[in-house]
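Undergrad: Just a sequence and a predicted model for now, questions to come.
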Amino acid sequence: MSDSNAPRLPSTFNRLAWSNLAAQSAEQIALAAAPIVAVLLLGVGEGQTGLLQTALTLPFILFAIPAGLLADRISRRWLMAGAEALRAAALLAILLLIGLHLLTLPLLALLGFIAVCGTVVYSVAAPALVPSLVSPQLLRVANARIELARTIAFAAGPALGGVLVGWLGAAPAFGFAAALSVVAVVLLSGLYEPTRATAPRRHPWQDIREGAAFVLHHALLRPVFVTQFIFNTASFLLLAVFVPYAVHHLGLSAAGVGTTMAMYGVGMVAGALLATRVMQRIAFGTVIGLGPVAGFVAAAMMALTSVVPSPLLAGASFFLLGVGPILWVISTTTLRQSVTPPSLLGRVSAINIMSYGARPVGSALGAIVGGLYGAETCLYLAVAIFAAQALVILMSPAVSLTHQPEMVGECA
């Protein structure tokens, strides 16, 4: 596709896209640097780094819904800018404590927790803001651009964080991440956001029930939420056992394991780059079904390595696990934005984020089943769970959609 035929996104959205790239990069660099700093600078062990990782994931469960309530009540642009400024302040505090030699594991966990709260708010508010910045016809292109930025940050951020800590030390890594957060704040501050009607003042529980009821009673959104919850369970079950399985069964070195798992990021980037063209050529509902089906095929390929121990097969499995979910995220985000009244978008986005709560469930399942019956059993169980999520979406009306649904108004 030539540049002259490519859809042109408005400059207002482009500010959001660049701020998103800066914010996502800041998040990934900080998330990668935190455990490295904990081990190398503070000398903590595996159990304590596990507690640190818990502190860095809890905000998604605790604050997604409150963030959704705020996103539907106040300016989404200023909410995101405030959250990003909070993240920058937390990262700068870590930088200061390192410089003063006062950093401890509890302080690192607390400040990391605060920084991730900024990530949660940004992740909830951004999808709710996008429909007010672009026309309905450009929603898919805009969502693909947002996901491309996220996947680039996801793929490159951890490596960059590790390199910064390894070459320059802990402080520059957090300083660079904080600078990226400040860039995101500046970009958001200059972004034009159309005014919205003032939300009626009600008890927060009423607003939460309204958002949950909308998702759980909606014929298109309910199966999407259930599918995503099951998918997250299955994918983290697989990830929980892959490293020991790859070393002991596939005979991979540490570099081999890293290279194989890197195919996940490669798949994500490839999926984000191809998403717009795929969605122009294939029925909208078919694209929604591609992600769950790709997950099932990927799990089956990984299970096949128990019989045919091929690292190439494992790498292809991770590539599919990257490509499919990106097409899923872009298509289902567009679906939510199309069928949800603007005043509910924040809460509906928050409920979608809550499906990430299945990730620790999958990891715990991997630990229990893997410990009792071995990694191979976990791989077979992952195939069964991936099959279940594919069936849920394939039996839903969402896969029958030929086009992106018409945008709904408040009367819905």
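TA: Structure's in. What do you need?

Undergrad: quick one: low-confidence ranges for the stretch 151-300 of the chain?
TA: Residues of the stretch 151-300 of the chain that meet the criterion pLDDT under 70 lie in 158-159, 197-200, 254.

Undergrad: what's the spacing between the residue nearest to Gly118 when sequence neighbours are not counted and Phe284?
TA: In this structure, Gly118 finds its nearest non-sequential neighbour in Arg87, 3.2 Å apart by C-beta to C-beta, 6 or more residues apart in numbering. All C-beta spots, glycine's among them, are computed from the backbone N, C-alpha and C. According to C-beta to C-beta, to the nearest Å, Arg87 and Phe284 sit 35 Å apart.

Undergrad: any idea how far the residue nearest to Gly118 is from Glu376?
TA: For Arg87, the distance to Glu376 - C-beta to C-beta - is 41 Å.

Undergrad: from the chain's centre, how far out does stretch 277-295 sit?
TA: 19 Å (C-alpha atoms, centre = their mean, to the nearest Å).

Undergrad: neighbours around the closest residue to Ser306 other than its chain neighbours, how many?
TA: Leaving out its chain neighbours, the residue that sits closest to Ser306 by C-beta to C-beta, 6+ apart is Glu376, at 4.7 Å. Glu376: 16 surrounding residues under other C-beta atoms under 10 Å.

Undergrad: got the contact list for Glu376?
TA: By C-beta atoms under 8 Å, 6 or more residues apart in numbering, Glu376 lies in contact with Tyr245, His249, Ala303, Ser306.

Undergrad: Please give the element, helix or strand, for Thr195.
TA: Take DSSP states H and E as the rule and Thr195 turns out to sit in neither a helix nor a strand.

Undergrad: From Val287, how far off is Ala300?
TA: 21 Å.

Undergrad: which of these two has more neighbours?
TA: Val287 (24 against 17).

Undergrad: Show me what whichever strand or helix holds that one is packed up against.
TA: Following DSSP H and E, one finds Val287 within helix 284-304. Counting by 3 or more C-beta pairs under 8 Å, 6 or more residues apart in numbering; DSSP states H and E, the packing neighbours recorded for helix 284-304 are helix 221-248, helix 254-281, helix 311-339, helix 375-394.

Undergrad: For stretch 358-373, what is the distance to the chain centroid?
TA: On C-alpha atoms, centre = their mean, the centre of stretch 358-373 falls 21 Å from that of its chain.

Undergrad: Could you give the average pLDDT over that stretch?
TA: In this model, stretch 358-373 carries a mean pLDDT of 77.

Undergrad: Give me the contacts around it.
TA: 57, 229-230, 232-241, 244, 377-378, 381.

Undergrad: Take it, keep the C-alpha atoms, and write them as PDB.
TA: Output in PDB follows, covering the C-alpha atoms of stretch 358-373 (Å, rounded to 0.1, in the frame of the first residue of the first chain):
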ATOM      1  CA  ALA A 358      -6.500 -14.600  35.200                       C
ATOM      2  CA  ARG A 359      -2.700 -14.400  34.700                       C
ATOM      3  CA  PRO A 360      -1.700 -15.300  38.300                       C
ATOM      4  CA  VAL A 361      -4.300 -18.100  38.100                       C
ATOM      5  CA  GLY A 362      -2.600 -19.500  35.100                       C
ATOM      6  CA  SER A 363       0.900 -19.200  36.800                       C
ATOM      7  CA  ALA A 364      -0.400 -20.900  40.000                       C
ATOM      8  CA  LEU A 365      -2.000 -23.700  37.900                       C
ATOM      9  CA  GLY A 366       1.400 -24.200  36.200                       C
ATOM     10  CA  ALA A 367       3.200 -24.400  39.500                       C
ATOM     11  CA  ILE A 368       0.700 -26.900  41.000                       C
ATOM     12  CA  VAL A 369       0.200 -29.200  38.000                       C
ATOM     13  CA  GLY A 370       3.800 -28.900  36.900                       C
ATOM     14  CA  GLY A 371       5.000 -29.800  40.400                       C
ATOM     15  CA  LEU A 372       2.700 -32.800  40.700                       C
ATOM     16  CA  TYR A 373       2.600 -34.200  37.100                       C
END
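
Undergrad: Report the buried residues of it.
TA: Neighbour-count burial for stretch 358-373 flags Ala358, Arg359, Pro360, Gly362, Ser363, Leu365, Gly366, Val369, Gly370 (criterion: 16 or more other C-beta atoms under 10 Å).

Undergrad: Stretch 109-124 too?
TA: Under 16+ other C-beta under 10 Å, the buried positions of stretch 109-124 are 109, 111-124.

Undergrad: Closest one of these to Gly157?
TA: Thr119 (12.0 Å; C-beta to C-beta).

Undergrad: Next, Ala219: secondary structure please.
TA: Of the three states, Ala219 takes coil under DSSP: H, G, I helix; E, B strand; the rest coil.

Undergrad: What number of residues are in the vicinity of the nearest residue to it once chain neighbours are set aside?
TA: Residue nearest to Ala219 in three dimensions, not counting chain neighbours: Pro397, with 5.6 Å by C-beta to C-beta, 6+ apart. Pro397 has 10 neighbours, counted by other C-beta under 10 Å.

Undergrad: you'd agree Pro397 is up against Arg222?
TA: No: applying C-beta atoms under 8 Å, one finds Pro397 not in contact with Arg222, separated by 10.2 Å.

Undergrad: List the contacts of stretch 160-176.
TA: Outside stretch 160-176, the residues touching it (C-beta under 8 Å, 6+ apart) are 25, 28-33, 36-37, 40-41, 91-92, 94-95, 98-99, 177.

Undergrad: hang on, the earlier thing: mind picking the two most distant members of the contacts of Glu376?
TA: His249 and Ala303 (11.7 Å).

Undergrad: ok, those two, which is more surrounded?
TA: Legend: neighbour count by other C-beta under 10 Å for His249 and Ala303, higher for Ala303 (21 against 16).

Undergrad: which ones are touching that one?
TA: With C-beta under 8 Å, 6+ apart, Ala303 has these contacts: Glu376, Leu379, Tyr380, Ala382, Val383.

Undergrad: Check the gap between the last one and Gly289 for me.
TA: By that I understand Val383. With the distance defined as C-beta to C-beta, Val383 ends up 18 Å from Gly289.
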